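K.L.:
How does the following fold in three dimensions:
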Amino acid sequence: MTLFNALPAANWLRVYDRSQLIADLTAAIIVTILLIPQSLAYAMLAQVPPEVGLYSSIMPLVVYALLGTSRTLSVGPVAVVSLMTATSLGSIVQAGTADYLTAATTLALLSGILLILMGYFKLGMITNFLSHSVISGFITASGIIIALSQLKHIFGVSAHGDTLAELLPSLLSTANQSHWITALLGLGMIGFLLLSRKHATAWLQRLGLNESTARTLTKTAPIVGIFASIAAVSVFSLQQRGVIITGHIPAGLPSLSLQWPSTELLQQLLLPALLISLIGYVESISVGKTLAHRRRQKINADQELIGLGAANLASCVSGGYPVTGGFSRTIVNFEAGALTQMASILTAIGIAIASVFLTPVLYFLPKATLAATIIVAVIGLIDFGIIKKTWRFARSDCYAVLATIAITLIYGVEIGVACGVAASIGMHLYRTSRPHIAEVGLIEGTEHFRNVERYHVQTVPEILSLRPDESLFFANAQFLEETISTAVYERGQIAHIILQCNAVNEVDYSALEMLETVNEQLQDQGVQLHLSEVKGPVMDKLRHTGLLLKLSGEVFVSQYDAYIKVRKLL
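P.N.:
Numbering: from 1, shown residues only. The predicted structure is shown next:
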């Protein structure tokens, strides 16, 4: 293994120059400004101390920068993983205790180990089995739960719950206890962030700034809102009037340590860690690939597993909780001009400096402000448009999306993501077990064969030409057998069956046995079985079997040759 494979950062470090450093430094400053409030907010969502959010944004950034293959992915706490962390730990240990923090770091440990193992065994293709539509449904439902869970901080009430069925009644029953000053701060922050997101760039351009500078300054809106709310609390002593503040945040860097947890805790957290790993990886690889394509760069899916796994181990040893590549901060990092992962290393330095020197300033930070930051961040995750799109394109996808959203809202994120993964795999198995099998006929005047239901084609009653549009394996072998048997039963005049195999890339042993059985059954009924356009790798495998020797018909190079030859036999 070369250094470039073992340490992907070596690929950009060997050609790193001053111009790249300036671009990365600029991006790092912007992302640091964004990441400070995000880290604190997501720590509150995960129900861990605020400094843990900062710790989770230092070492993981550096480790991923060295081992990840994306040049712009920014790793750290994210909304969905933070919610999953709180949900997973809430039923095991009491929030706010030392045991809760131990469990959170254990979750990062297990997630890191699982991701690295998946990377070692080359399981980066696992995302191929997770339907994008189903994952979008899960994230949409999670976004709704996250937003609702933060309303208690916005209105200063003591609502609780992890599902829609728990949150809504709790919020409604405590609505009359709302604290109006807290609500004013929280709703004001939400309004400010939404207006900034939509109009700030245009407003700044009217003041004479160019578009690039205006867009960059717009990204600082959360930190502006945070300092404004801190100033309001400090000047008007709002904490004495019932506004809940963050309070003391220990200054300093995280101490590095690793205490192996109990076997019982590992067993309790193994499944939640697996689900968090899957969702985190899907989110990370999705945004990483999207941005890499825009710069004609390449992402190694297996190495990404290792990079994210190592980042989670780093989070564990530095007292953090599970992390992954964040969509919003990665987009900001990309648009701010980051060229390499040096931007992440510089961002980690910025967060470290903030952890040492800025935490006293955050003492008066209202929790309502952090809640508003979370709500505005997750609004972008809620995508009801996926329901309309899937309904128009594929009803089965739409039903899976609706089921995932409903289950997540009613039963919570753990069961929701498990059902989402099961639905994705179930949809894949269902579709591959019932592949499209077209009856084809000859287009007159050509040598082309097309679906008889879509084209005006020439057919002969004694000849049945079928084209399976899928590789043949154990899951769909019986379906092809039943299709052939039904056709022979319903159309007694059939004397020849030609399987056009141009779409068959592979045949497994179960499918081979099926073909042998079908060949024998057809032969007993006086029907010959022929194969056409068999691909080279498939033919190589068939030559080592007895199928070709026992085949009642022939193997033809083209479907046209097969059709002409068989028609002459009639």
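
K.L.:
can you pull out the helices in the stretch 451-570 of the chain?
P.N.:
477-490, 509-524, 536-542, 547-550, 559-569 (DSSP state H, counting those that start in this stretch).

K.L.:
so who does residue 42 touch?
P.N.:
By Cβ atoms under 8 Å, 6 or more residues apart in numbering, the contact set of residue 42 is 53, 77, 78, 79, 82, 374. C-beta here means a position set from N, CA and C on the backbone, and glycine is covered the same way.

K.L.:
Mind putting those into CSV with neighbour count?
P.N.:
Shown next, in CSV, are the contacts of residue 42 (neighbours: other Cβ atoms under 10 Å):
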residue, neighbour count
53, 29
77, 32
78, 28
79, 27
82, 27
374, 25
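
K.L.:
Let me know the closest of these to residue 559.
P.N.:
Of all the contacts of residue 42, residue 78 has the smallest distance to residue 559: 51.3 Å, by Cβ to Cβ.

K.L.:
who are the neighbours in contact with that closest one?
P.N.:
If a contact means Cβ under 8 Å, 6+ apart, then residue 78 has 42, 280, 283, 323, 324, 325, 326, 327 as its contacts.

K.L.:
before we move on, the earlier item: quick one: which of the contacts of residue 42 is nearest to residue 60?
P.N.:
Looking across the contacts of residue 42 and measuring by Cβ to Cβ, the closest to residue 60 is residue 77, at 9.1 Å.

K.L.:
Go ahead and confirm that closest one touches residue 44.
P.N.:
No: Residue 77 sits out of contact with residue 44 when judged by Cβ atoms under 8 Å, with a separation of 10.3 Å.

K.L.:
got any residues that touch both of those two?
P.N.:
Counting by Cβ under 8 Å, 6+ apart, the contacts common to residue 77 and residue 44 are residue 53.

K.L.:
how about the nearest residue to residue 463, chain neighbours excluded?
P.N.:
Closest residue to residue 463 in three dimensions, ignoring its sequence neighbours and counting by Cβ to Cβ, 6 or more residues apart in numbering: residue 496, at 4.9 Å.

K.L.:
How about that neighbour: which residues does it bridge to?
P.N.:
Applying DSSP bridges to residue 496 gives these bridge partners: residue 463, residue 528.

K.L.:
I figured it hits residue 568, correct?
P.N.:
No: if you go by Cβ under 8 Å, residue 496 and residue 568 don't touch, sitting 11.0 Å apart.

K.L.:
Which of the two has more residues huddled nearby?
P.N.:
Taking other Cβ atoms under 10 Å, residue 496 and residue 568 do not tie; residue 496 has more neighbours (23 against 7).

K.L.:
residues contacting the residue nearest to residue 463?
P.N.:
Counting by Cβ under 8 Å, 6+ apart, residue 496 touches 462, 463, 464, 527, 528, 530, 553, 566, 569, 570.

K.L.:
what do you get if the cut-off is 6 Å, keeping everything else the same?
P.N.:
By Cβ atoms under 6 Å, 6 or more residues apart in numbering, the contact set of residue 496 is 463, 528, 566.

K.L.:
Next: residue 131.
P.N.:
424, 427.

K.L.:
mind redoing it with 10 Å?
P.N.:
137, 390, 396-397, 400-401, 404, 420-421, 423-428 (Cβ atoms under 10 Å, 6 or more residues apart in numbering).

K.L.:
Ok, residue 430 next?
P.N.:
Contacts of residue 430 (Cβ under 10 Å, 6+ apart): 396, 475.

K.L.:
and the gap between it and residue 479?
P.N.:
11 Å (Cβ to Cβ, to the nearest Å).

K.L.:
what do those two both touch?
P.N.:
Contacts common to residue 430 and residue 479, judged by Cβ under 10 Å, 6+ apart, are absent.

K.L.:
The stretch 101-250 of the chain: helices as residue ranges?
P.N.:
Going by DSSP H, counting those that start in this stretch, the stretch 101-250 of the chain shows helices at 132-155, 164-173, 180-195, 201-206, 211-218, 221-236.

K.L.:
wait, isn't residue 265 in contact with residue 100?
P.N.:
No: applying Cβ atoms under 10 Å, one finds residue 265 not in contact with residue 100, separated by 11.4 Å.

K.L.:
what do those two both touch?
P.N.:
When Cβ under 10 Å, 6+ apart defines a contact, the residues bordering residue 265 and residue 100 alike are 92, 93.

K.L.:
sorry, back to before: TSV for the helices of the stretch 451-570 of the chain, including distance to residue 252?
P.N.:
Shown next, in TSV, are the helices of the stretch 451-570 of the chain (distance: least, Cβ to Cβ, whole Å):
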stretch	distance to residue 252
helix 477-490	63
helix 509-524	61
helix 536-542	60
helix 547-550	71
helix 559-569	73
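
K.L.:
Could you export these as CSV, including mean pLDDT and distance to residue 439?
P.N.:
Formatted as CSV, these follow (pLDDT from 0 to 100; distance: least, Cβ to Cβ, whole Å):
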stretch, mean pLDDT, distance to residue 439
helix 477-490, 95, 8
helix 509-524, 96, 16
helix 536-542, 95, 21
helix 547-550, 93, 23
helix 559-569, 95, 12
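
K.L.:
So what's the model's average confidence on the helix ranked longest in the chain?
P.N.:
Ranked by residue count, the top helix of the chain under DSSP state H comes out as helix 263-294. Summarised as a single mean, pLDDT over helix 263-294 is 91.

K.L.:
right, and the helix or strand after that helix?
P.N.:
Next helix or strand after helix 263-294 toward the C-terminus (DSSP states H and E): helix 301-317.

K.L.:
what inclination does that following helix have with respect to helix 263-294?
P.N.:
Orientation check (axes from the mean of the first three to the mean of the last three Cα atoms, to 10 degrees): helix 301-317 against helix 263-294 gives 130 degrees.

K.L.:
how about helix 301-317: buried residues?
P.N.:
301-317 (16 or more other Cβ atoms under 10 Å).
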